[in-house]
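Asks: Got a predicted model here, sequence first, then my questions.
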Amino acid sequence: MENPFTPEQMASLGHQTPFFAFSLEKVKEKYNEFRTHFPDAIVNFAMKANVEPEILTALAEEGANFEVASGYELTMLKELKIPGSKIIYGTSVKPAEHIRDAHEYGVERYAADSFEELEKIANVAPGSRIYIRMVVDDTGSIFKFSEKFGTEKRNVIPLLVRAKELGLEPYGISFHVGSQASNPRAWAEAIEELVPVLTELDETNGIKIQMLNLGGGFPCAYASTEVFLSLEEIAGYTYEAYKKLPYKPLVMLEPGRALVAESGALVVSVIGRLERREQTWLFLDAGVYSGLFETMAYQGSTRYRVSSLRSSFDAGEKMFALAGPTGDSPDVITREALLPADINVGDKLVFHDVGAYSLVAICPFNGFPRPEVYYV
């Protein structure tokens with residue numbers, strides 16, 4: 001589809017800044033791109049990326065399933081009448097009361113990566129389907145998950161066997177290669193590690209898993225992205241490895257960022273232009289606490305594409321540092337924004353590809369409110 005966030009289109013909206021604009025058609029387009037390249041897979045939207053009801057509804061209308069990480073996210077899906085059969089609970093360590101609520105709603109599938117979690121699930125959600133989250137190599141990703149989540153490969157079989165002993169169903173195995181992966185073979189390499197696991201699990205323990213969850217990590221082409229991977233390339237390597245498995249379990253995916261990042265834009269106004277230590281700073285009416293949290297994320301700083309709502313006329317362009325409106329020194333978005341040299345107070349800028357991990361991470365620091373959300 002055509003770019004829904006051109007300067008002309010954004011300027012025509014006429015809303016008071018700062019505000020987010022979302023394209024539901026772009027969300028649907030990205031979902032169907034996954035369906036095209038992973039035709040036999042079940043696509044579960046990782047809700048942690050964006051929980052706007054309109055976004056969730058658009059995905060549900062296209063046939064998407066959902067992955068929740070808390071009972072609070074589950075409540076949002078309940079309000080939208082999403083049935084428990086289309087929901088998986090993907091966090092490997094969960095509050096018992098959240099598991100119980102999910103079980104009562106009809107959610108049957110739960111991730112785990114420890115014996116303690118299996119005991120917990122067996123107590124509050126007896127008979128549930130369990131998939132074990134295995135740690136894999138995520139060195140090629142911007143945001144790494146292996147420190148906090150996942151069990152070593154040697155523990156996968158004992159955990160699935162223990163799940164069966166507890167009256168749970170040993171349903172599957174999952175992994176996550178880390179967010180913003182840069183290795184197109186990351187998913188394939190993780191699958192290749194599972195060949196001996198699936199063989200031993202079947203031949204020695206009489207267990208065949210029904211599902212293999214490839215997680216997320218599918219990247220978005222931000223301004224800071226050095227290597228962009230196409231979904232077609234990733235799928236090609238992934239299916240090549242999948243064919244080598246001793247049998248073919250159902251494939252699941254958990255994309256979050258890749259489904260919604262490109263669907264959002266943030267429009268802001270310049271509230272100050274200052275010369276500071278050999279650099280020109282533009283202060284904006286929104287910053288890292290207003291939805292651009294990942295620009296200062298601890299494992300890697302995302303740099304969004306940013307453009308002006310007006311041309312540079314004859315002034316040319318220059319490099320600016322961009323800062324948010326709060327009194328906090330980390331509220332710096334970037335020090336390398338190429339914009340019209342004559343940009344000044346009152347001019348408007350657009351941050352692109354901000355549909356993921358933006359609204360969900362907003363903090364009302366200094367009392368600045370959440371920007372309004374509109375749809376184009």
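Replies: That came through fine.
Asks: Tell me where the chain is predicted with low confidence.
Replies: The model of the chain has pLDDT under 70 over residues 137-148, 179, 223-227, 297-300.
Asks: for it, which strand is longest?
Replies: Under DSSP state E, the strand in the chain containing the largest number of residues is strand 264-276.
Asks: Show the residue spans covered by the strands in the stretch 101-250 of the chain.
Replies: Assigned by DSSP state E, counting those that start in this stretch, the stretch 101-250 of the chain shows strands spanning 109-112, 129-133, 141-143, 169-174, 179-181, 211-213, 250-253.
Asks: What helices and strands are in contact with the fourth one?
Replies: Pointing back at strand 169-174 there. Based on contacts counted as 3 or more C-beta pairs under 8 Å, 6 or more residues apart in numbering; DSSP states H and E, the elements that strand 169-174 packs against are strand 109-112, strand 129-133, helix 153-165, strand 211-213, strand 250-253. Where you see a C-beta, it was placed from the backbone N, CA and C, and this is true even at glycine.
Asks: let's see 6 Å
Replies: strand 129-133, helix 153-165, strand 211-213 (3 or more C-beta pairs under 6 Å, 6 or more residues apart in numbering; DSSP states H and E).
Asks: Tell me the helices and strands packed up against the shortest one.
Replies: Under the contact criterion of 3+ C-beta pairs under 6 Å, 6+ apart, the helices and strands touching strand 211-213 comprise strand 169-174, strand 250-253.
Asks: The first one too?
Replies: Packing partners of strand 129-133 (3+ C-beta pairs under 6 Å, 6+ apart): strand 109-112, helix 153-165, strand 169-174.
Asks: I234 is nearest to which of the ones you listed?
Replies: Checking these against I234 by C-beta to C-beta gives strand 169-174 as the closest, at 16.9 Å.
Asks: any idea which of the helices and strands packed on strand 129-133 is most buried?
Replies: Most buried of those by mean neighbour count (mean count of other C-beta atoms under 10 Å) is strand 109-112; its value is a mean of 26.
Asks: quick revisit: format the helices and strands packed on strand 211-213 as a markdown table; extra columns: distance to V306.
Replies: Formatted as a markdown table, the entries for those read as follows, by distance: least, C-beta to C-beta, whole Å:
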| stretch | distance to V306 |
| --- | --- |
| strand 169-174 | 36 |
| strand 250-253 | 30 |
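Asks: which one of the ones you listed lies closest to I88?
Replies: With respect to I88, and counting by C-beta to C-beta, the nearest of the helices and strands packed on strand 211-213 is strand 250-253 at 7.5 Å.
Asks: Tell me the spatial nearest neighbour of Y105, not counting adjacent residues.
Replies: Distances taken as C-beta to C-beta, 6 or more residues apart in numbering put G84 closest to Y105, at 4.7 Å, once the chain neighbours are dropped.
Asks: what's the answer for L322, then?
Replies: The shortest distance from L322 to any residue that is not its chain neighbour, by C-beta to C-beta, 6+ apart, is 4.3 Å, and that residue is I333.
Asks: Repeat that for G324.
Replies: Residue nearest to G324 in three dimensions, not counting chain neighbours: G287, with 1.3 Å by C-beta to C-beta, 6+ apart.
Asks: what's the burial count for the one you found?
Replies: Neighbour count for G287, taken as other C-beta atoms under 10 Å: 26.
Asks: isn't it right up against D331?
Replies: Yes. Shown here, G287 and D331 form a contact pair, counting by C-beta atoms under 6 Å, at 4.5 Å.
Asks: all strands for the stretch 251-376 of the chain, in order.
Replies: Taking DSSP E, counting those that start in this stretch as the criterion, the stretch 251-376 of the chain carries its strands at 264-276, 279-284, 306-308, 317-323, 332-340, 348-352, 372-375.
Asks: Pairing partners for the longest one, with directions?
Replies: Taking DSSP bridges as the criterion, strand 264-276 pairs within the sheet with strand 19-22 (antiparallel), strand 279-284 (antiparallel), strand 348-352 (antiparallel).
Asks: same question, the fifth one
Replies: Strand 332-340 has its sheet partners listed here by DSSP bridges as strand 317-323 (antiparallel).
Asks: and the strand it pairs with, how far out from the chain's middle?
Replies: Here strand 317-323 is found 28 Å from its chain centre; the criterion is C-alpha atoms, centre = their mean, to the nearest Å.
Asks: Same question for stretch 212-221.
Replies: On the basis of C-alpha atoms, centre = their mean, stretch 212-221 is displaced by 8 Å from the centre of the chain it belongs to.
Asks: How far does it stretch from one end to the other?
Replies: Stretch 212-221 has its terminal residues 27 Å apart, counting by C-alpha to C-alpha, to the nearest Å.
Asks: Also stretch 107-116?
Replies: Counting by C-alpha to C-alpha, you get 20 Å between the two ends of stretch 107-116.
Asks: What is the distance between it and the centre of its chain?
Replies: A distance of 21 Å separates the C-alpha centroid of stretch 107-116 from that of its chain, computed with C-alpha atoms, centre = their mean.
Asks: do the same with stretch 172-191
Replies: Taking the mean of its C-alpha atoms, stretch 172-191 sits 14 Å from the chain's own mean (C-alpha atoms, centre = their mean).
Asks: And for the protein, the residue most distant from the center?
Replies: Computed with C-alpha atoms, centre = their mean, the maximum C-alpha offset from the centroid of the chain is found at D314, amounting to 40.1 Å.
Asks: Right, I'll leave it there.
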